[in-house]
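[1] sequence and predicted structure, then a few things I'm wondering about:
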Amino acid sequence: MKFMKLGSKPDTFQSEDKHVRYVATELSTDIVVNVGDVKFYLHKFPLLSKSSQLQKLVSTANEQSNDEVTITDIPGGPAAFEICAKFCYGMVVTLNAHNVVAARCAAEYLGMHETMEKGNLAYKIDAFLNSIIFRSWKDSIIVLQTTMYLLPWSEDLKLISHCVEAIASRAVIDTSKVDWSYTYNRKKLPEENGSESNWNGAMNYKVVPNDWWVEDLCELEVELYKRVLVSINNKGIVCGEVIGEALKAYVYRQLPGLVKGVTRSSDLINYRSTVDTIIFLLPDEKGCVSCSFLLKLLKAAILVDSSEVLKKELIKKIGHQLEQASVSDLLIRAPEGDSLMYDVDIVLNIVHEFFIRDQYSEIETLEADEAQEFKKPGILSEASKLMVAKLIDGYLTEIARDRNLPVSKFVELTEMVSTISRPGHDGLYRAIDMYLKEHPEINKSERKKICRYMDCKKLSVDACMHAVQNERLPMRVIVQVLFFEQVRAAATSGTSTPDLPKSIRDLNSGSMRSSRSTPNADEDWDAVATAEELKALKGELAALKLERKRSEKFIEGRPSVDKTALHKVKGLLMSKKIFSKLLSNKHANADTSGSDSSETPSTANPEYAKSTSSANRRISVS
């Protein structure tokens, strides 16, 4: 820490008690200066020669035949006044980063300028600040911290602005010119193993990171921190990633409980001020701050009740890099008093912002070149879209556990990502199954809405096997899963796909009702599989055991058939029988014509029984 000594005479100030200070000399004192609760017994001559304010006060006291003057509002209080008084006596005074601002403000209050005496205290302090303090990184930070206790004097004297400019100018210099030592809890970088001592004993590391200054600013009060960051950013030298790192470090230092969702009501105003400031300082460029941190900041903004404008700004930034988020990041607690566990509306808004990026890109393309008939690709990559689809599938699975989550919210979020073409729908199926499990009371129309956006063709073998035994699904979905699994198994094993009844063809082509079916038949397809139906299938499975064993012996006797093919053959034999059973049951219930029911897979293609799917092993009919 830099310091400056003024004066040469010994310090003869003494204390009688904590409320009395006097100068121990042979001359008796002739004036008493009351500063706060402390009485200073001093001499007029050395004081009046350097302080215009004391001249006025003493003149007024003399007119009233009084030898006491009172100072109630001097910045820095008794300690700062004592520094000024010692300077007037020519005693040794040591100024440093901790007391220099108080001394400067007190000198200004007392009028200790060049007009009173050349080389007066105000002039000497200004020289010390400009030549020493503002050229020292750490001293500038300490001085800036002390200015907050001396407002408005420190502001009027431009001490704050000078400190801010000094700090900002040091933060943006080339790292090769930085003599930097580690502070606080920053960990040493792997490549920074060597060090050498310079003249003042500080450690001069070989490699100085671009964010070397980040931790040192974390102790600043939020308004001062804001001014420093704005000044650094305005210089246009420091990249957005470093600014983002600085903001993250500040939040974790100042709000360790808030980022974990914990706060005290007594700190709410200060916390809100900090959160609002950090949101204001966030860089505009995408990726400068991680999506996870932005979501933590959003949770904090909700907790401290920040303005809607700031929360919308955060939501926009999160939406622009949503693919980086995790499911746990999106689990934002619903407001107090809300029946839901999580705030789904906020996530809907975030996903909406994610898709808006494509719309903006298309609009800009059309405005830039209306003559062209094609559009440039959107700024969203397919990889980003797939990551978001997977993310929302996982989020749906989590919120599906909420017993109070309405179908409309679940469907709305599912629909928003349904436009993303993804290779698999296992995640969506898992979310649907969880919702149906936790909400058994929903009707068949709602079940149909829940399953509408799931593509059975894109379920994995494991998901298909789970689906065909899932009594919570509408029968329509089970039949579709069985059909597509048969088609896939047939294509893999090289056999032909059997002809299907018209009602199934209509079902799988998206037709809501066959031209030959009845309303009751359509309701049966959308209904949940009954226990009787599943029990009937159990009998079918038992009857197939002998046939399966014979098929296994026949296939295993061929040395060129691998285990995977064997499993698929088994599964197709099983799924074919179950599929036929379901179809016949549904046709019987709906009283459909015999022309369709006669075209079951077993009668239409006798050879089809030799092809299988792996569905059999996971079909539970109990």
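    Alright, I've got the coordinates.
[2] what ranges in the stretch 451-600 of the chain fall below the confidence cut-off?
    Scanning the stretch 451-600 of the chain for pLDDT under 70 picks out 489-600.
[3] hang on, I meant the chain
    Using pLDDT under 70, the flagged stretches of the chain are 180-206, 258-266, 358-380, 489-622.
[4] hey, where'd the strands end up in it?
    3-6, 13-17, 20-23, 31-35, 38-42, 68-71, 93-96, 195-197, 203-205 (DSSP state E).
[5] residues in contact with the residue nearest to Glu245 when sequence neighbours are not counted?
    Sequence neighbours aside, Asp211 is the residue nearest to Glu245 in space, at 4.9 Å (criterion: C-beta to C-beta, 6 or more residues apart in numbering). Placement of C-beta: from N, CA and C, glycine included. Contact analysis of Asp211 by C-beta atoms under 8 Å, 6 or more residues apart in numbering lists 242, 245-246.
[6] about what we covered before: is it possible to export the strands of the chain to a markdown table including distance to Lys286?
    Below are the strands of the chain laid out as a markdown table (distance: least, C-beta to C-beta, whole Å):
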| stretch | distance to Lys286 |
| --- | --- |
| strand 3-6 | 46 |
| strand 13-17 | 61 |
| strand 20-23 | 61 |
| strand 31-35 | 56 |
| strand 38-42 | 58 |
| strand 68-71 | 56 |
| strand 93-96 | 44 |
| strand 195-197 | 37 |
| strand 203-205 | 32 |
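[7] contacts for stretch 414-421 next, please.
    348, 351-352, 355, 385-386, 388-389, 392-393, 396, 428, 431, 450, 453.
[8] should've said stretch 269-286
    Against stretch 269-286 from outside (C-beta under 8 Å, 6+ apart): 222-223, 225-226, 229-230, 233, 240, 243-244, 247, 250-251, 254-255, 258, 263, 288-289, 294, 297, 300-301, 303-307, 310, 313-314, 317, 320-321.
[9] repeat that with 7 Å
    Stretch 269-286 has contacts (C-beta atoms under 7 Å, 6 or more residues apart in numbering) with 222, 226, 229, 240, 243-244, 247, 250-251, 254-255, 258, 263, 289, 297, 300-301, 304-306, 310, 313-314, 317, 320-321.
[10] also stretch 240-255?
    Against stretch 240-255 from outside (C-beta under 7 Å, 6+ apart): 210-211, 214-215, 217-218, 225, 229, 233, 259, 271, 274, 278, 281-283, 285, 288-289, 293, 300.
[11] can I get the strands of the chain in a markdown table with mean neighbour count and distance to Leu330?
    Shown next, in a markdown table, are these (neighbours: other C-beta atoms under 10 Å; distance: least, C-beta to C-beta, whole Å):
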| stretch | mean neighbour count | distance to Leu330 |
| --- | --- | --- |
| strand 3-6 | 15 | 53 |
| strand 13-17 | 11 | 63 |
| strand 20-23 | 17 | 63 |
| strand 31-35 | 20 | 58 |
| strand 38-42 | 19 | 59 |
| strand 68-71 | 16 | 59 |
| strand 93-96 | 19 | 50 |
| strand 195-197 | 10 | 44 |
| strand 203-205 | 16 | 40 |
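[12] can you say which of these is nearest to Gln53?
    Taking C-beta to C-beta, strand 68-71 is the member of the strands of the chain nearest to Gln53, at 8.3 Å.
[13] helices or strands next to that closest one in the packing?
    Secondary-structure packing of strand 68-71 (3 or more C-beta pairs under 7 Å, 6 or more residues apart in numbering; DSSP states H and E): strand 31-35, helix 52-63.
[14] hmm, try it at 6 Å
    With contacts taken as 3 or more C-beta pairs under 6 Å, 6 or more residues apart in numbering; DSSP states H and E, strand 68-71 sits against strand 31-35.
[15] what pairs with the strand it packs on, parallel or antiparallel?
    strand 38-42 (antiparallel), strand 68-71 (parallel) (DSSP bridges).
[16] and the residue nearest to Thr115 when sequence neighbours are not counted, how far from Met112?
    The shortest distance from Thr115 to any non-neighbouring residue, by C-beta to C-beta, 6+ apart, is to Ser52 (7.5 Å). To Met112, Ser52 is 8 Å away according to C-beta to C-beta, to the nearest Å.
[17] for Leu6, see how far away Leu110 is.
    For Leu110 relative to Leu6 (C-beta to C-beta), the value is 15 Å.
[18] one more: Ser292?
    Taking C-beta to C-beta, one finds Ser292 at 53 Å from Leu6.
[19] what do you get for Gly90?
    9 Å.
[20] one step back: would CSV of the strands paired with strand 31-35 with distance to Leu151 be doable?
    Formatted as CSV, the strands paired with strand 31-35 follow (distance: least, C-beta to C-beta, whole Å):
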stretch, distance to Leu151
strand 38-42, 22
strand 68-71, 18
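[21] so which of these gets nearest Ser161?
    strand 68-71 (27.3 Å).
[22] go ahead and name everything in contact with that closest one.
    32-35, 57, 61 (C-beta atoms under 6 Å, 6 or more residues apart in numbering).
[23] determine which two of those residues are furthest apart.
    Val35 and Ala61 (14.6 Å).
[24] related to what we said a few turns ago, can you say which of the contacts of stretch 240-255 are buried?
    Taking 16 or more other C-beta atoms under 10 Å as the criterion, what is buried in the contacts of stretch 240-255 is 211, 214-215, 217-218, 225, 229, 233, 259, 271, 274, 278, 281-283, 288-289, 293, 300.
[25] which of those residues fall in helices?
    Among those, DSSP state H puts 225, 229, 233, 271, 274, 278, 281, 293, 300 in helices.
[26] quick one: which of those residues is nearest to Gln480?
    Phe293 (42.6 Å).
[27] tell me how many other residues surround the residue lying closest to the closest one once chain neighbours are set aside.
    Nearest non-adjacent residue to Phe293, counting by C-beta to C-beta, 6+ apart: Lys248, 5.5 Å away. Neighbours of Lys248 under the rule other C-beta atoms under 10 Å: 18.
[28] quick one: the helices in the stretch 351-500 of the chain?
    Along the stretch 351-500 of the chain, counting by DSSP state H, counting those that start in this stretch, helices occupy 382-399, 407-416, 426-438, 444-451, 461-467, 475-493.
[29] any idea which of those gets closest to Asp139?
    helix 382-399 (46.9 Å).
[30] pull out the buried positions in the closest one.
    For helix 382-399, a neighbour-count test (16+ other C-beta under 10 Å) marks 384-399 as buried.
[31] quick one, it and helix 426-438 angle?
    If you take axes from the mean of the first three to the mean of the last three C-alpha atoms, to 10 degrees, helix 382-399 sits at 10 degrees to helix 426-438.
[32] just checking, what packs against helix 382-399?
    helix 327-330, helix 426-438.
[33] export those to CSV and tack on distance to Arg21 and mean neighbour count?
    Output for those, formatted as CSV (distance: least, C-beta to C-beta, whole Å; neighbours: other C-beta atoms under 10 Å):
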stretch, distance to Arg21, mean neighbour count
helix 327-330, 59, 18
helix 426-438, 75, 21
